[in-house]
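Participant: What would the 3D arrangement of this be:
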Amino acid sequence: MCLAVPAEVMTLDDKGFAEVNLDGVRHSVCVDLVPHVRLGDFVIVHAGFAISVLDPTEAEQTLELFRELNALVETPASLPHSPH
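Facilitator: Numbering: from 1, shown residues only. Coordinates of the predicted model:
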């Protein structure tokens, strides 16, 4: 399964790379596919590449969904116990 996630652009260099913030962790990604990207933009990151620029509101909504999913994984709901 592949997952593309939103990340905020923190730095840009002149070699086609950006440092992005992904849930508090910084990653270096290639931005050659989004030449119009600017500092502070949110980008969709997949396999080390920024593949599109994302609206900030949409980015925050997506990140909030990831947080909610993470909370569910950390505290799974009780499953009914089946008799053996």
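
Participant: what helix or strand does residue 10 sit in?
Facilitator: In the assignment (DSSP states H and E), residue 10 maps to strand 5-12.

Participant: what does that strand rub up against?
Facilitator: Applying CB atoms under 8 Å, 6 or more residues apart in numbering, the external contacts of strand 5-12 come out as 18-22, 26-27, 29, 31, 37-46, 50, 54, 58-59, 62-63, 66. The C-beta positions use only the backbone N, C-alpha and C, and glycine is treated the same way.

Participant: which of these are buried?
Facilitator: 18, 20, 29, 31, 37, 41-45, 50, 54, 59, 62-63 (16 or more other CB atoms under 10 Å).

Participant: hmm, back to that, now intersect the contacts of strand 5-12 with the helices, please.
Facilitator: Counting by DSSP state H, the part of the contacts of strand 5-12 found in helices is 58, 59, 62, 63, 66.
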